[in-house]
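**Student:** Using only what follows, build the 3D model:
(one chain, ligands or ions: 3)
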Amino acid sequence: MSRTRSIVIKGGTIVAADRSYEADVLIEGETIAAIGENLTGDSVLDASGAYVMPGGIDPHTHLEMPFMGTTAAETWESGTFAALSGGTTMVVDFVIPDSENLIGALDAWEARASRQASADYSFHMCVTGWSEPIFEAMEAVVARGVNSFKHFMAYKGALMVDDDQMFASFQRCAALGALPLVHAENGDIVAALQQKYLNEGIRGPEAHAYSRPPEVEGEAVNRAIMIADAAGVPVYIVHVSCEPAHEAIRRARQKGMRVYGEPLVQHLTLDEAVYQHPDWDHAAQRVMSPPFRDKRHQDSLWAGLSAGSLQVVATDHCAFSTAQKRMGLSDFTRIPNGTGGLEDRLPVLWTSGVETGRLTPNEFVAVTSTNIARILNLYPRKGAIQPGADADIVVLDPKAGKTIRASTQKSIIDYNVFEGVEVRGLPRFTLSRGEVVYCAGRNEAPRPGRGRFIPRPAFAPAHRALSTWKALVAPRAVSRDPARMPIGV
Ligand SMILES: NC(=O)NCCC(=O)O
Ligand SMILES: [Zn+2]
Ligand SMILES: [Zn+2]
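**Tutor:** Ligands and ions are numbered 1, 2, ... in the order given. This next block holds a predicted model:
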């Protein structure tokens with residue numbers, strides 16, 4: 001019988017969310033077998049001078065997403081290769097059903113992913129309406145290992161749900177032990193502002209930002225949090241871009257509410273000046289919702305990450321080609337919304353976060369991997385360097401650097417929103433379930449289809465705690481002595 005081959009990662013500093021220490025990591029097969037000194041194995045990966053971290057988890061991607069009359073050009077094959085080469089070993093993508101057939105949509109996403117993905121993956125299911133079949137299907141979705149449901153408060157006339165639909169779906173999430181996610185922008189106000197700028201003849205990408213001011217996001221985040229509280233369920237706000245949104249999350253968490261906030265690496269580092277760029281393509285390539293903001297909002301997001309009021313840094317990787325962006329040449333509302341970042345999230349965050357002292361290396365691991373593994377009930381299989389965990393590991397070299405260029409990226413998109421940015425903190429090796437899937441200096445793509453669907457059970461610990469508490473404090477009928485009741489009614 002053949003013995004499982006082992007690998008030892010030697011000479012590095014293990015950086016976990018809670019501490020850093022020097023040790024070797026022994027991998028047998030797909031999992032971590034031991035952590036200690038002087039470990040031996042069949043082969044050795046040299047991590048001297050480098051950090052050994054849990055592989056990044058990007059909980060917000062839209063690979064090959066059908067959206068705004070086209071389909072995001074980044075495929076599962078190119079997107080997951082890009083992810084691995086940037087140190088991200090797992091993505092969580094959004095299934096968008098175009099009918100009440102949630103399971104059919106899940107099957108379609110799974111078919112694309114299982115054929116092409118080289119990184120592990122999981123899914124969130126989108127709830128884009130409300131009906132008895134959707135209510136029923138949500139249970140079947142959870143049984144398939146998908147424990148999170150996304151709701152869009154924007155994209156009126158397309159994906160947007162109203163408050164009553166969202167409340168009904170949140171209640172269903174509470175009962176099923178699932179986590180609701182929310183794209184929080186007031187879709188009615190956005191639609192009205194879009195019309196106003198079109199009427200005024202402001203038709204370029206700059207109007208995209210004008211029509212989605214921070215207040216529109218702040219209002220929606222407050223509303224989503226209140227609706228979640230009324231439904232008795234935790235809530236996760238995606239792509240938090242500004243202080244009013246962060247403020248709502250911060251305030252709720254101070255009251256003990258179980259609310260999570262996810263800024264994107266793009267919102268932390270790129271600003272709204274891009275929409276004023278004289279080159280139309282440059283501005284349109286950066287159109288996403290919510291739009292990039294000014295420095296005041298970026299400072300708020302950074303503060304939230306170090307203070308703990310924001311927990312996760314994602315990308316919302318939803319990448320369209322320049323040709324696709326030009327669908328909105330004469331009308332900004334037709335520019336497909338979305339930007340890329342999967343390949344660049346870790347190096348950009350390392351450079352702008354850890355190298356500047358805004359994040360410690362341990363906080364970096366927390367916001368790129370461990371926190372989301374906990375929130376999505378994947379921990380410690382993912383998001384941890386410990387015996388028994390999947391050997392999803394990035395050996396990050398803090399001295400290795402590059403200038404980001406679309407011409408050299410793994411992503412198949414013809415531009416990069418971080419073009420020209422100098423970064424350090426590049427992967428020397430990326431391992432996915434014990435296999436070296438990326439090695440700096442070698443341009444070998446991993447095998448498409450090697451990635452695996454990772455099921456996520458319902459009732460994460462925070463969900464269980466909140467439902468216990470809500471049951472304890474739920475309104476109850478007062479039991480009265482009949483002698484103290486009025487007679488004759
Ligand atoms: N964010 C964005 O502009 N596009 C992707 C879809 C979404 O998350 O709203
Ligand atoms: Zn969104
Ligand atoms: Zn998104």
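
**Student:** which bits of this structure sit near ligand 1?
**Tutor:** Within reach of ligand 1 by Cβ under 6 Å from any ligand atom, the chain has these residues: 62, 183, 239, 288-289, 316, 318, 337-338. For every residue, glycine as well, the C-beta is placed using N, CA and C.

**Student:** what would the residues you listed look like in a markdown table with secondary structure?
**Tutor:** Formatted as a markdown table, the entries for the residues of the chain next to ligand 1 read as follows, by DSSP: H, G, I helix; E, B strand; the rest coil:
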| residue | secondary structure |
| --- | --- |
| His62 | coil |
| His183 | strand |
| His239 | coil |
| Met288 | coil |
| Ser289 | coil |
| Asp316 | coil |
| Cys318 | coil |
| Asn337 | coil |
| Gly338 | coil |
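
**Student:** Could you work out the end-to-end span of stretch 359-369 for me?
**Tutor:** Taking Cα to Cα, to the nearest Å, stretch 359-369 runs 14 Å from one end to the other.

**Student:** Please identify the buried residues of that stretch?
**Tutor:** If you call a residue buried by 16 or more other Cβ atoms under 10 Å, then stretch 359-369 has these buried ones: 359, 361-369.

**Student:** all helices in the stretch 351-489 of the chain, in order from the N-terminus.
**Tutor:** Counting by DSSP state H, counting those that start in this stretch, one finds helices in the stretch 351-489 of the chain at the ranges 361-365, 371-375, 461-472.

**Student:** where do the strands sit along the stretch 201-350 of the chain?
**Tutor:** Defined through DSSP state E, counting those that start in this stretch, the strands belonging to the stretch 201-350 of the chain, from first to last, are 235-237, 259-261.

**Student:** Kindly reformat those strands as a markdown table containing distance to Ile404 and mean neighbour count.
**Tutor:** Conversion of those to a markdown table gives the following (distance: least, Cβ to Cβ, whole Å; neighbours: other Cβ atoms under 10 Å):
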| stretch | distance to Ile404 | mean neighbour count |
| --- | --- | --- |
| strand 235-237 | 28 | 27 |
| strand 259-261 | 26 | 24 |
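
**Student:** Output the ones you listed in TSV, with mean pLDDT appended to each entry.
**Tutor:** Output for the strands of the stretch 201-350 of the chain, formatted as TSV (pLDDT from 0 to 100):
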stretch	mean pLDDT
strand 235-237	98
strand 259-261	98
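
**Student:** okay, the ones you listed in JSON lines with distance to Glu206 next?
**Tutor:** Output for the strands of the stretch 201-350 of the chain, formatted as JSON lines (distance: least, Cβ to Cβ, whole Å):
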{"stretch": "strand 235-237", "distance to Glu206": "26"}
{"stretch": "strand 259-261", "distance to Glu206": "27"}
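
**Student:** Ala168: what's it in contact with?
**Tutor:** Applying Cβ atoms under 8 Å, 6 or more residues apart in numbering, we find Ala168 in contact with 130, 135.

**Student:** Kindly recompute the last result at 7 Å.
**Tutor:** When contacts are counted by Cβ atoms under 7 Å, 6 or more residues apart in numbering, Ala168 is found next to Trp130.

**Student:** related to what we said a few turns ago, from the helices of the stretch 351-489 of the chain, which stretch is densest packed?
**Tutor:** Here the criterion is mean neighbour count by mean count of other Cβ atoms under 10 Å, and of those the winner is helix 371-375, at a mean of 25.

**Student:** give me the low-pLDDT residue ranges for the protein?
**Tutor:** Applying pLDDT under 70 to the chain flags residues 1-2, 489.

**Student:** Check the spacing between the residue lying closest to Val127 once chain neighbours are set aside and ligand 1 real quick.
**Tutor:** Once its chain neighbours are removed from consideration, Val127 has its nearest residue in Ser169; the separation is 4.7 Å (Cβ to Cβ, 6 or more residues apart in numbering). Distance from Ser169 to ligand 1, counting by Cβ to the nearest ligand atom, to the nearest Å: 17 Å.

**Student:** Much appreciated, bye for now.
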